Every structure is written in C-alpha cells, then in structure tokens.
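Student: Pasting the sequence and the predicted coordinates here, then a few questions.
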Amino acid sequence: MVNPLEVPPYLLQPLIPSVTAGTVTCAQAFGSEIYVGCSNGELLRYALQPDADPTKLDAYTLLSQQSHPSGKQIDELILIPCIARALILCDRQFHVFTLPSLDLAPNTKSIRNVEALAVDHNHLQRPAATSLTTRVTSTSTSLPTERGKSDSVDLCVIKRSTIATYSLSEEKLTFTREIPFRSGSLLARRSGHHLCIATADIYSVIDLATAQMFELLPVTQVEGTAGTIKPHILVISPSEFLLLSWTGGSTLGLFITGDGDPVRGTLEWPAHPVSVCLDYPYLTTLLPNGTIEVHSIETQAIIQVLPAPDFGEGGLPGLVSCLAGYAAPSSVRWDKMRKVKVGLVRRGKVGLKMDDEKVLDEGQNEKMEEVEKEKDADVPSVSV
C-alpha cells in the first residue's frame, strides 16, 4: 500500500493548449476562469466549459478578448476576488477592472509613473465577493466560498521617488498617504503594515505605520552583477517574507520577519530561479535548466523534482501562484468508475414476493400465540 506522504504533491496538466492572440506575459486564475495578458496589450478571458460528451473532460475555451486602452504589453495582473476587481499594470500605469467581465471600473482613474505595485497579501486571501461566488451561468461557474467582506483593500504604488498608499473598494480608489523613497524599485510585496521592496542591488523593508526603512540583504553578493540578477520576494505568513540572494555559485533563500529577524532554516538552489511560487506548505521554483523543484517550507527539504513543460522554440515558461484557487479538469473520477450489472425484478414478481412475506409473517405470529397459550397452561394458579 502506498504511503500518502510519499506521493509527490504536484503533477503537470495542460489547461490551455495554445494562445494565438499574442505572447503571454502574465496570467492569473480564479474559480473556473483564467485571465491572460499578452505582449500586444490583449486581455484574454477563458472559462471552463463542460463537454457535450460526458466521457470527455471539461476544457477551457476563450470567452472574450479585448485590447488594453494603451495597446502596450501587459506587465502584471492581480486579481482581488474579495471586491471583484483586477489590477492591471501596463506601460507604467495601473488600471482597475471589474471581475469577471474585465470592464474598466467606475469611479477610478489610472495611476501613472508606477515602478512597482503591491497589494496587502492578507487582503488578497479574503473570501471572494458574493457577486463572484453566486455567479452560475451557462459559460462559467465559480468555486464555492464564503461570502466576501465589503471592506476596502490596501495597496501600495511605488513611484520614482515616493510610495503612495491607497484604499480600494468596489465603489472607489482612495489615496491615503505618501512616503518618500529612492528610485529604482523593481519588485514589492506587502503584508499588513510591512512593505518589502527590491531594487537592483538590495532588499529593504518599510514599516508603513512609522515610515521607517532598513535594508535587509543584497539581491546579489557578487560584485558587478547588480541589475543582472532578478529579485524574488514571497509573503510566507502575515509577518514573514522569503528573499532570494545570489552568491555566485548558488542562490540562498532566507526567511525574514517584517522586523528583519531571520527565522526557519535556509533554502539553497544550484542556480538562480526563474520563478518562485508559494503553495503552503510547499515552495515551487523553476530553474534555468528547465526543472521544477518543490521544497517543504517546514523542513526546507526537496520533496519533488519534475521537468517543466516544453513550450517550443522561443517559449519562456514561468510559474504563477493563484491565491484564490482555480478549477482543473480531472480524469480521476472516470478512471475509478466501472460498469456494474444490476439485477432487476419485474413489478408482478415484486408484488408476489411481498404477499409471500406477509403470509409467512402471519404464520409465525399464529405459532407464537400457540406457544404462549401452552406456557400459560403449565403455570399453576396461586390463591391467597
């Protein structure tokens, strides 16, 4: 018998065979829908639809296609299910779109000169809005979740020399405050009041409540390689980040709290990862040699190694983490189903059988009554 703990946690399964609208630059998924951004500014929306043949798997098909107003490359796509909104970063501007239709949200304007964008990770994990969870149409369904809160979502917009904080709700986008910061931000992640930012050479953390900043560790520890190594920041828990640093011979992954204190152990890769994703308690990384390594967050041990899919010449694979989860067609249930013969009884025979049982029951009752009479006759009567 196979030990469940020895079964690898992941398998590769194609969801969309090909995208012809343009080169894919980013993607996200929620429920039974996948949203794709392309290099030519195209926004694609796919939905999981049932096949007419019950023996075949459901498949993702293109539901809609539209062009971003700028016509430029879609750089980042962030889904916020709790308020049914999507943030799209394109040409250093970010726009707010509605979910699931990807229409421009009312009462919001685009923000320009954006270097990086960070939504509070804790807010991204809130239950989805009712408009998404109760939506069931002929073209799409959503995963069942609890009713989402209507509370606003906090986010940071990192510009050339400032960090602007905003509050986003279903009704509007509201500016809250601004903090001075140096230019050159490449990546940012927020968890609560801690904002972790990476420039070409250093990781830093900012306490948004006090506006205090302190540096954590270098993106690369090799002199002269700043700007050539891609920074990676992951939110592990409400008060914990994972930062990757290149040493020249390998890459180290360090777990650090929002106060800058190291926790857990240290991860290590033989090369600098192309992509890093968290699916707690597992961490998946795509390496330059085309392999995907899966580590345990708790033990830092390698759990699984599998090859990345082949996208053909010019194709650049990448890993994307979808916090809210999504549906994937599976053949497991069909593999476990088999035909079983069931014996049927004609209606007349069923009635006859019931009549026979009734006669048998009546005979047993009469016999029991005779036995009881015999017992009563054997018992002597007593008078006082």
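Tutor: Sure, I can see it.
Student: quick one: low-confidence parts of this structure?
Tutor: Within the chain, the set of residues satisfying pLDDT under 70 comprises 1-8, 133-150, 312-316, 331-338, 348-384.
Student: Would you map the helices across the chain?
Tutor: 121-124, 130-133, 332-335, 347-378 (DSSP state H).
Student: And the first one, what does it pack against?
Tutor: Judged by 3 or more C-beta pairs under 8 Å, 6 or more residues apart in numbering; DSSP states H and E, helix 121-124 is in contact with strand 74-80, strand 153-158, strand 187-191. C-betas here are computed from N, CA, C, even on glycine.
Student: Pull that helix out as PDB, backbone CA atoms only.
Tutor: The C-alpha coordinates for helix 121-124 follow below in PDB (Å, rounded to 0.1, in the frame of the first residue of the first chain):
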ATOM      1  CA  HIS A 121      -1.300  39.900   0.900                       C
ATOM      2  CA  ASN A 122      -3.600  39.400   3.800                       C
ATOM      3  CA  HIS A 123      -6.400  41.100   1.900                       C
ATOM      4  CA  LEU A 124      -5.800  39.000  -1.200                       C
END
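Student: circling back: could you dump the helices and strands packed on helix 121-124 into TSV with distance to A301 added?
Tutor: Listed next are these as TSV, based on distance: least, C-beta to C-beta, whole Å:
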stretch	distance to A301
strand 74-80	31
strand 153-158	34
strand 187-191	25
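Student: Which of those sits closest to P309?
Tutor: P309 sits nearest to strand 74-80 of all the helices and strands packed on helix 121-124, at 20.6 Å, using C-beta to C-beta.
Student: and the direction of the closest one versus that of strand 153-158, what angle?
Tutor: The directions of strand 74-80 and strand 153-158 differ by 160 degrees, with axes from the mean of the first three to the mean of the last three C-alpha atoms, to 10 degrees as the criterion.
Student: Restricting to C-alpha, output strand 74-80 in CSV.
Tutor: What follows is strand 74-80, C-alpha atoms only, in CSV (Å, rounded to 0.1, in the frame of the first residue of the first chain):
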residue,chain,number,x,y,z
ILE,A,74,0.5,43.8,-20.0
ASP,A,75,3.2,43.6,-17.3
GLU,A,76,1.2,42.4,-14.3
LEU,A,77,-2.3,41.2,-13.5
ILE,A,78,-3.5,41.0,-9.9
LEU,A,79,-6.9,39.5,-9.0
ILE,A,80,-8.7,40.8,-5.9
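Student: and that strand, what other elements does it pack with?
Tutor: Short answer (3+ C-beta pairs under 8 Å, 6+ apart): strand 74-80 packs on strand 24-30, strand 33-38, strand 85-90, strand 116-119, helix 121-124.
Student: closest one to Y46 among the ones you listed?
Tutor: Y46 lies closest, by C-beta to C-beta, to one member of those: strand 33-38, at 4.3 Å.
Student: Just checking: what are the partner strands of that closest one?
Tutor: Strand 33-38 has its sheet partners listed here by DSSP bridges as strand 24-30 (antiparallel), strand 42-49 (antiparallel).
Student: and the gap between the residue lying closest to Q65 once chain neighbours are set aside and C322?
Tutor: Spatial nearest neighbour of Q65, excluding adjacent residues (C-beta to C-beta, 6 or more residues apart in numbering): L44 at 5.4 Å. L44 is 16 Å from C322, where distance means C-beta to C-beta, to the nearest Å.
Student: quick one, which of the two is more surrounded?
Tutor: In this view L44 and C322 are compared by other C-beta atoms under 10 Å, and L44 has more residues nearby, 23 against 15.
Student: Who does the spatially closest residue to I229 that is not a sequence neighbour form a beta bridge with?
Tutor: Using C-beta to C-beta, 6+ apart and skipping residues adjacent in sequence, the residue nearest I229 is T220, 4.2 Å away. Using DSSP bridges, the bridge partners assigned to T220 are W246.
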